[in-house]
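In: build me a structure from this.
(chains A and B)
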Amino acid sequence: MSDKTNLIEITGVRKEFGHLSLPWKSKKVPTKALDGIDALIKPGKCHVILGPNGAGKSTLLKTISSLILPDSGTIRVNGHTIGLEDEIVKGLIGFASMDERWFYWRLTGRQNLACFGALQGLSPDKINERISELFTCFEIDYADNRFDSYSTGMRKLFLIMRAIIHEPEYLLLDEPTKGLDQVSVKRIHEYIKNHTVAGRTVIMATHDIAEATLLGDEFIILNRGNIAAKGSLSDIREAAQMPEAHLYELFSSIIKNA
Amino acid sequence: MLRQITALIKKDFQIEISYKFAFILNIFSVAASLIIYYFIDLMFGRTVTTHLEVFGVNYFPYVLLSMAFFSYIGVGVGSFAAKIRDEQLQGTLESLLLSATKVEVIILSMGLWNLIFATFNVAVYLIFGHFVFNVDFSQINLLSTLVILILTIISFSSLGIISASFILVLKRGNPVDWVINTLEGILGGVYFPVTVMPKFLQVIAHCLPITYAIRGLELAVYKGATLYDLRQDIIILALFSLVLAPVSLWVFKKGLRIARTNGSLAQY
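Out: Take a look at the predicted model:
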């Protein structure tokens, strides 16, 4: 197995929820979220995870981010195994879920970013520098207002800024543009493109096929916890024997036949 | 590591001062509780005095100190679980745990602001006690007081971290917190000396760290007891600390692993 290589290796990852993990809990039928996922996340590319609701997209992102531990299988980030070397892995990854509650709402946006920047080990000077860069990049002029005064769109931009404050090698995004206006969507798309151009990696779950087509270099199509298709658009077209098909047609066909 | 600890304390301070009214109300609560015990002392102070001879004080100074001290114990026991519960309810627990900060640093820092806040509370108790109710602290042995205080904070914080581990997994219904608060408050000599209780309860009380902490502190503050005088209490508290501190961090990591395996970090 490779060591310290710049990629994420996902090997045989299984995850079920509703297990009998505590002796006094009643036995439930487990829900299979991931069923033996194997994937290689190559650097400098935007990897898009597609799939219908409940396919396991968010679970896969949370597992890569180390928030959820797999029941079996391993995930190695640059050779560091999740569950064993979590602090190192967390320094390499930035994760933006779409949970707006990931912030302290009594604090301002700036105070929140400063806190999370420090927790990533950044110096006060570096934090100020990064906050200025990010506010310029996302055109933020409301950073000193309390977080609970922000709109949904503003909070989502902060979720992304929180994830990238420490300039992670891998950026994990769970439906990053859902519910955002076109201006914000464009800014995020530009950021993602620049991130990959700079040699960094994006793993993004989305339902938006147009967004996936625009940004994706590699695709993982999940269905009921299994990989139904993966690879570049041309790889998927070739495997599906639909050489001219648009991603939307491929996705529909693959899910229908899975 | 210092950077992360400072950031977490600063964050808690910023949140605390955003609730200004609660902050002011806290000072009035301290004053109100002292007034209650002052009048109890006026009524029954002399009756209880026989049990307090060893400490050389009446009821009010005794309860003033144990109540002030109980703020620290309350922080140790309750604040970690309360903080974890807050983070679960706010939704920030996942966000915190995503950072590259060690889990041990996160959990220990969670109690630090409360410790600072408890020190402020203790100061308010002692200032009221001294300047308003003329309690005499002139006999205090500072070294003994500090040693007892540090050992108490370590052992009770450890119990608090164990308690927080249950919250991580169970979300609500914390058996450790219930047992500690009930037993420690009633049997530990906070509101009255242990010697007031029947013999069998005294035996139970001597299995609890709080009994040694309160007795040691009262003797250090009011009788000027030296480290040698308090050696028995200090050794027992040190043993509690030595055993409980590593056990608590192990239990917390175990609890975190269960929550991550269940995928329940975001649940409340």
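In: tell me, how many residues neighbour B:Ile40?
Out: 15 (other CB atoms under 10 Å in any protein chain shown). In short, each C-beta sits where N, CA and C put it, glycine included.
In: that one contacts B:Tyr59, doesn't it?
Out: Yes: here B:Ile40 reaches B:Tyr59: they are 6.8 Å apart, a contact under CB atoms under 8 Å.
In: low pLDDT regions in the stretch 51-200 of chain B?
Out: In the predicted model, the stretch 51-200 of chain B carries pLDDT under 70 at residues B:75, B:173, B:181, B:185, B:188, B:190.
In: what residue in it comes nearest to chain A?
Out: Closest contact between the stretch 51-200 of chain B and chain A, by CB to the nearest CB, is at B:Gly91 (2.5 Å).
In: chain neighbours aside, what residue packs nearest to that residue?
Out: Counting by CB to CB, 6 or more residues apart in numbering or on different chains, the nearest residue to B:Gly91 once its immediate chain neighbours are dropped is A:Arg101, at 2.5 Å.
In: hang on, the one you found packs against B:Thr92?
Out: Yes: look at A:Arg101 against B:Thr92 with CB under 8 Å: they come within range, at 6.9 Å.
In: now do the helices in the stretch 51-200 of chain B.
Out: Per DSSP state H, counting those that start in this stretch, the stretch 51-200 of chain B carries helices over the ranges B:59-74, B:80-90, B:93-97, B:103-127, B:142-170, B:175-187, B:199-205.
In: where does the stretch 51-200 of chain B come near chain A, residue by residue?
Out: Residues of the stretch 51-200 of chain B lying close to chain A by CB under 8 Å from any CB of the partner chain are B:90-92, B:94-102, B:169.
In: let me see the contact set for A:Pro243.
Out: A:Arg237 (CB atoms under 8 Å, 6 or more residues apart in numbering or on different chains).
In: Three-state assignment for it, please.
Out: Put simply, A:Pro243 is coil when judged by DSSP: H, G, I helix; E, B strand; the rest coil.
In: please compute how far the strand or helix carrying A:Tyr191 lies from its chain's middle.
Out: Using DSSP states H and E, A:Tyr191 sits within helix A:182-197. Helix A:182-197 has its average C-alpha position 15 Å from the chain's average C-alpha position, going by CA atoms, centre = their mean, to the nearest Å.
In: which elements pack onto that helix?
Out: Helix A:182-197 makes packing contacts with strand A:46-50, helix A:152-164, strand A:170-174, strand A:201-205, helix A:209-215 when contacts are defined by 3 or more CB pairs under 8 Å, 6 or more residues apart in numbering or on different chains; DSSP states H and E.
In: could I get those as CSV with mean pLDDT?
Out: As requested, the helices and strands packed on helix A:182-197 are exported to CSV (pLDDT from 0 to 100):
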stretch, mean pLDDT
strand A:46-50, 95
helix A:152-164, 90
strand A:170-174, 94
strand A:201-205, 95
helix A:209-215, 92
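In: I'd like the ones you listed written out as TSV, with distance to chain B and mean neighbour count added.
Out: As requested, the helices and strands packed on helix A:182-197 are exported to TSV (distance: least, CB to the nearest CB, whole Å; neighbours: other CB atoms under 10 Å in any protein chain shown):
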stretch	distance to chain B	mean neighbour count
strand A:46-50	17	25
helix A:152-164	7	21
strand A:170-174	10	25
strand A:201-205	15	25
helix A:209-215	23	17
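In: just the buried ones from the residues of the stretch 51-200 of chain B next to chain A?
Out: Those of these that meet the buried threshold are B:Gln90, B:Gly91, B:Thr92, B:Glu94, B:Ser95, B:Leu96, B:Leu97, B:Leu98, B:Ser99, B:Ala100, B:Thr101, B:Val169, by 16 or more other CB atoms under 10 Å in any protein chain shown.
In: which of the residues you listed sits closest to B:Asn134?
Out: Compare each of those with B:Asn134 using CB to CB and the shortest gap goes to B:Gln90, at 43.8 Å.
In: check contacts around that closest one.
Out: Residues in contact with B:Gln90 (CB under 8 Å, 6+ apart) are A:Arg101, A:Tyr104, A:Trp105.
In: neighbours of B:Ser163, how many?
Out: If you count neighbours by other CB under 10 Å, B:Ser163 ends up with 28.
In: A:Ala163 touches A:Tyr170, doesn't it?
Out: No: in this structure, A:Ala163 sits apart from A:Tyr170 without contact. The criterion is CB under 8 Å, and the distance is 10.1 Å.
In: can you pull the phi/psi pair for A:Arg224?
Out: Dihedral angles phi and psi of A:Arg224 (degrees, to the nearest 10) take the values phi 50, psi 40.
In: picking that back up, buried members of the contacts of B:Gln90 into ChimeraX, please.
Out: Buried residues among the contacts of B:Gln90 (16+ other CB under 10 Å), as a ChimeraX selection:
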select /A:101,104,105
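In: A:Lys230: which of the contacts of B:Gln90 is nearest?
Out: If you rank these by distance to A:Lys230 using CB to CB, A:Arg101 comes first, at 32.0 Å.
In: wait, isn't A:Ile147 in contact with A:Asn112?
Out: You called it Ile, but residue A:147 is Phe. Yes: with the criterion set as CB under 8 Å, A:Phe147 and A:Asn112 qualify as a contacting pair; they are 6.0 Å apart.
In: give me the spatial nearest neighbour of the residue positioned nearest the centre of chain B, chain neighbours excluded.
Out: Relative to the mean C-alpha position of chain B, the nearest C-alpha, by CA atoms, centre = their mean, is the one of B:Ile73, at 1.2 Å. Using CB to CB, 6+ apart and skipping the chain neighbours, the partner closest in space to B:Ile73 is B:Phe156 (5.0 Å).
In: just list the residues touching that neighbour, thanks.
Out: Per CB under 8 Å, 6+ apart, neighbours of B:Phe156: B:Tyr72, B:Ile73, B:Val75, B:Gly76, B:Val77, B:Pro209, B:Ile210, B:Ala213.
In: look up how far B:Gly216 lies from B:Gly160.
Out: From B:Gly160 across to B:Gly216, the span is 20 Å (CB to CB, to the nearest Å).
In: go on, B:Ala81?
Out: B:Ala81 sits 26 Å away from B:Gly216, taking CB to CB as the criterion.
In: which residue of the two possesses the greater neighbour count?
Out: Set side by side, B:Ala81 and B:Gly216 show unequal neighbour counts under other CB under 10 Å, the larger going to B:Gly216 at 28 against 24.
In: go ahead and confirm the more buried one touches B:Asp233.
Out: Yes: the criterion here is CB under 8 Å, and B:Gly216 meets it with B:Asp233 at 3.8 Å.
In: re earlier: between A:Phe147 and A:Asn112, which is the more surrounded one?
Out: Relative neighbour count places A:Asn112 above the other of A:Phe147 and A:Asn112, with 26 against 21, counting by other CB under 10 Å.
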